[in-house]
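S.K.: I'll drop the sequence and a predicted model, then ask my questions.
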Amino acid sequence: MQGDQLSPQLGFDFFDWDSHATTVQKFFESQKPNDLGNSFLSLPKHPSLQSKERFRESHDRDGRVVLMRRKLATEIIREIVDLGTKDDNRLFVHGAQGVGKSHALYDAVCSLMEYPQWRVIYVNDCAAWNHTFSLHNLSPSYHYLLKMIATGFHPKNDEEIWELCRKARSPADVETLVFDLIPKYCQKGGLKFAFVFDQHNGITPDHRRNEQYPFIWLEKRMQTEANWKKRGVLVISASANNEYALQVLPKSMAFRQLESREFCFTGFTDNEFQNWKVHHKIFHEENQQNTELWDSVNALLSKWPLQLDELRQQSTRKGANVKLLDELEQYTTSRRIAWKFVEETHYNKVTASDQRKKEIYASMVFSMYVNRSGDQYVRDLATNGVSLMNKHIMFWDSEKAQFFCINNLARQVFVEKYLSETQLPVSQSTIQDILASKSVTQSVKGSVAEIIIISAMRSLLQKGKSMSFETHEIQKGPELKRTTTTHNFSGFGSSQFSTQSVDPLIDFSRSQMLVPKNSNYPGTDLIFWDASKKVLTFCQVTVGPVKKHALLSAILWGQWVTKAQAKSAIFVWIAPNVDFGDHNIRQHHISFNFLETIQPLLQFYVASGQEDV
């Protein structure tokens, strides 16, 4: 260590340890959580809390942190306690931004600090620690860590550690404290300790690799230090695009990861989602309207805590929860724009001059969406260290050694982009592989089928070509009626609409195919309006059992009929099977093979028998 680079003005000598001790003692004295009901708690405000951007907490009237106790927090506590008995002492918590890692980790830290035998050193925001970096002075980065170390120990009960912190005057002193004195102190008292680093993405790669600064300890000494075995635990939490994770996890399984990956994909569990709604009093009453509204919210936002909370706050600020779906539209539109911009930046920056890499990149993103295992593009780019990660949508699963997409809206945005004729297209062979694969889930195949069917129909109509298909009416029993209805769409236009109900801007004076911009529009994927015959034809694409699929609600059906002043309306299932229930009687069906003249790629569809987790 190079102690000669110390500066008292930026280092150890001018810190008010007495004031810090008072703050920390108040935290310990107010540790007991207050139960607010519906699994919500109020917890004391930890002295390390820094960034409002990275950790957006709510407070009660006493200034305590309010959050929901989640399954993830319980898992983290269990894993840390177990690792405290093992030589392999590392835990990595990762997932997309906004799934609730930091809140769960905060709950786990506060809970573990109540255990008499545990001492927890908690860096809430590594970005704040990273900002202490100085090429001309080593002290600030070490002194910041020193303050966090003291915060993990009670000023009176652990007076020996506090005295060591007060006496530290150099980086070498901090190093000795971390790797020698704290382990010996805990061993002597029969204690365990954990160093918890949240927001690890906040430490820049250059700072992490600099041997003079303590950031590198997380990746080297803290993982190998003999004094830590069966006593000290290292916990790192980071977003899915964490560069350290991408380098380490594919090569080694030495880092334990939580057995359940559910939080990385969906955020809240069903029970947590219900508790969240009840606590915030947002459409928590059980009725058909609320169920339909929240089905739409959940379909797009995937029970993602950060997005749900932003949506809640946006709705509250504008004054009425009944406007929730209007707010959802505005919010998801802004998210679409942001995701497209970020992805375009990745795309142009990483593969600006190589057309082959552009093609690989498109296939890679598409492969992430469909969770294809063994994709060579993904392996090649990951092996070559090309970082194409967007923390909002992508997740590296080290066990399966592949990338995954997380959020439904993000999935929709990127698949639409790479299947669009105006963007770099995914090759037809890739789509064939997806539709024919038995390992790709039915949910993914349904999304892909929907996009390519709508894209082909829109392309025909925009080129001024006519289009027709025949449907069979569903009757009671397993067989379909042999009589068919022919639907001719000649001279039809094509347009999109934005609202969650009937867009008031739709021109019902002309015949057209209407496609909702939201692919999770409730109950239908596209609508044909025949202005001359005054007939509405609602179409829903699915590859799963029709009898289990959600139907277009009677309320929304009535709104369309009324707005269009339609004389009649029919509902058509575009599906490969005929698995219908009694509630499907009088609806219509068209199989994929009857649409192959419109979209030839449908001939490759094979049912996989797999559903999404």
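M.R.: Now that the structure is in, tell me what you want to look at.
S.K.: what residues go with each domain of the protein?
M.R.: The record, using automatic domain parsing to delimit domains, assigns the chain the ranges 9-33+68-260, 264-406, 450-604.
S.K.: could these be laid out in CSV, adding mean neighbour count and mean pLDDT?
M.R.: The C-beta positions use only the backbone N, C-alpha and C, and glycine is treated the same way. Putting those into CSV (neighbours: other Cβ atoms under 10 Å; pLDDT from 0 to 100) gives the following:
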stretch, mean neighbour count, mean pLDDT
domain 9-33+68-260, 19, 84
domain 264-406, 17, 64
domain 450-604, 16, 85
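S.K.: Show me the beta-bridge partners of residue 469.
M.R.: Here residue 469 sits in beta bridges with residue 487, going by DSSP bridges.
S.K.: separation between it and residue 592?
M.R.: According to Cβ to Cβ, to the nearest Å, residue 469 and residue 592 sit 11 Å apart.
S.K.: and if you look at residue 169?
M.R.: Shown here: residue 169 relative to residue 592, a distance of 74 Å by Cβ to Cβ.
S.K.: cool, and residue 212?
M.R.: 63 Å.
S.K.: And residue 215, by the same measure?
M.R.: For residue 215 relative to residue 592 (Cβ to Cβ), the value is 55 Å.
S.K.: Then residue 192?
M.R.: Applying Cβ to Cβ, the value for residue 192 to residue 592 is 59 Å.
S.K.: SS state for residue 122?
M.R.: Following DSSP: H, G, I helix; E, B strand; the rest coil, the label given to residue 122 is strand.
S.K.: Confirm for me that it is in contact with residue 152.
M.R.: Yes: using Cβ atoms under 8 Å, residue 122 is in contact with residue 152, at 6.6 Å.
S.K.: Reformat the domains of the chain as CSV; add distance to residue 433.
M.R.: Putting these into CSV (distance: least, Cβ to Cβ, whole Å) gives the following:
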stretch, distance to residue 433
domain 9-33+68-260, 23
domain 264-406, 8
domain 450-604, 8
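S.K.: looking at those domains, which is closest to residue 431?
M.R.: domain 450-604 (5.5 Å; Cβ to Cβ).
S.K.: Run a quick neighbour tally on residue 446.
M.R.: Neighbourhood size, residue 446 [other Cβ atoms under 10 Å]: 18.
S.K.: what helices or strands is the helix or strand hosting it leaning on?
M.R.: Per DSSP states H and E: residue 446 is located in helix 442-462. Applying 3 or more Cβ pairs under 8 Å, 6 or more residues apart in numbering; DSSP states H and E, we find helix 442-462 packed against helix 355-370, helix 408-419, helix 428-436, strand 467-474, strand 493-497, strand 512-516, strand 535-541.
S.K.: quick one: the last one to helix 442-462, angle?
M.R.: Strand 535-541 and helix 442-462 meet at an angle of 140 degrees, taking axes from the mean of the first three to the mean of the last three Cα atoms, to 10 degrees as the criterion.
S.K.: Identify whichever of the domains of the chain lies nearest to residue 60.
M.R.: Proximity to residue 60 (Cβ to Cβ) singles out domain 9-33+68-260 among the domains of the chain, at 11.4 Å.
S.K.: ok now that closest one, how far from the chain's centre?
M.R.: For domain 9-33+68-260, the separation from the chain centroid amounts to 25 Å (computed by Cα atoms, centre = their mean, to the nearest Å).
S.K.: again, but for stretch 275-285
M.R.: Centroid separation for stretch 275-285 versus its chain: 21 Å, with Cα atoms, centre = their mean.
S.K.: Let me have that stretch in CSV, keeping just the CA atoms, if that works.
M.R.: Coordinates of each C-alpha in stretch 275-285 appear next as CSV, following Å, rounded to 0.1, in the frame of the first residue of the first chain:
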residue,chain,number,x,y,z
ASN,A,275,-50.2,-7.1,-1.3
TRP,A,276,-48.8,-4.2,-3.3
LYS,A,277,-52.2,-3.3,-4.8
VAL,A,278,-54.0,-3.5,-1.4
HIS,A,279,-51.3,-1.4,0.4
HIS,A,280,-51.5,1.3,-2.2
LYS,A,281,-55.3,1.0,-2.7
ILE,A,282,-55.0,0.8,-6.5
PHE,A,283,-57.7,-1.3,-8.1
HIS,A,284,-57.5,-3.7,-5.2
GLU,A,285,-61.2,-4.4,-5.0
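S.K.: Residue 164 belongs to a helix, doesn't it?
M.R.: Yes: counting by three-state DSSP, residue 164 is found in a helix.
S.K.: any idea how far it is from residue 176?
M.R.: For residue 164 relative to residue 176 (Cβ to Cβ), the value is 9 Å.
S.K.: now do residue 591
M.R.: Noted for residue 591: a distance of 73 Å to residue 176, by Cβ to Cβ.
S.K.: Likewise for residue 226?
M.R.: For residue 226, the distance to residue 176 equals 15 Å [Cβ to Cβ].
S.K.: do residue 105 as well
M.R.: Distance from residue 105 to residue 176, by Cβ to Cβ: 28 Å.
S.K.: go on, residue 451?
M.R.: 60 Å.
S.K.: ok, now residue 535?
M.R.: Relative to residue 176, and taking Cβ to Cβ, residue 535 is found at 82 Å.
S.K.: same thing with residue 330?
M.R.: Distance, residue 330 to residue 176, using Cβ to Cβ: 55 Å.
S.K.: Which residue is the nearest non-sequential neighbour of residue 83?
M.R.: Once flanking residues are discounted, residue 83 sits nearest to residue 233: 4.7 Å by Cβ to Cβ, 6 or more residues apart in numbering.
S.K.: Now do the same for that neighbour: helix, strand or coil?
M.R.: Strictly by three-state DSSP, residue 233 counts as strand.
S.K.: who's in contact with the closest residue to residue 191 other than its chain neighbours?
M.R.: With Cβ to Cβ, 6+ apart as the criterion, residue 191 has its nearest non-adjacent residue at 5.4 Å, and that residue is residue 117. Neighbour list for residue 117: 190-192 [criterion: Cβ atoms under 8 Å, 6 or more residues apart in numbering].
S.K.: likewise residue 112?
M.R.: Contacts for residue 112 (Cβ under 8 Å, 6+ apart) come out as 77, 80-81, 118, 120, 194.
S.K.: which residues touch residue 197?
M.R.: Shown in contact with residue 197 (Cβ under 8 Å, 6+ apart): 123, 126, 218, 234-237.
S.K.: tell me the two of those residues that are most distant?
M.R.: Farthest pair in the contacts of residue 197, by Cβ to Cβ: 126 and 234, 13.2 Å.
S.K.: Convert the C-alpha atoms of stretch 82-95 to CSV, please.
M.R.: The C-alpha trace of stretch 82-95 is given here as CSV (Å, rounded to 0.1, in the frame of the first residue of the first chain):
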residue,chain,number,x,y,z
ASP,A,82,-25.6,-20.7,5.3
LEU,A,83,-22.5,-19.3,3.5
GLY,A,84,-21.3,-18.2,6.9
THR,A,85,-20.5,-21.8,7.7
LYS,A,86,-18.7,-22.6,4.4
ASP,A,87,-15.4,-22.0,2.7
ASP,A,88,-17.2,-20.9,-0.4
ASN,A,89,-18.4,-17.5,1.0
ARG,A,90,-19.7,-15.6,-2.0
LEU,A,91,-23.2,-14.7,-3.1
PHE,A,92,-24.2,-12.8,-6.3
VAL,A,93,-27.6,-11.2,-6.6
HIS,A,94,-28.4,-10.1,-10.1
GLY,A,95,-31.2,-9.2,-12.3
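S.K.: I'd like the contacts of residue 117 laid out as TSV, including secondary structure.
M.R.: Converted to TSV, these look like this (three-state DSSP):
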residue	secondary structure
190	coil
191	coil
192	strand
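S.K.: from the residues you listed, which is closest to residue 158?
M.R.: Using Cβ to Cβ, residue 191 comes nearest to residue 158 of the contacts of residue 117, at 9.0 Å.
S.K.: quick one: that closest one and residue 185 touch, right?
M.R.: Yes: here residue 191 reaches residue 185: they are 7.5 Å apart, a contact under Cβ under 8 Å.
S.K.: so what sits against both of the two?
M.R.: Between them, residue 191 and residue 185 share no contacting residue under Cβ under 8 Å, 6+ apart.
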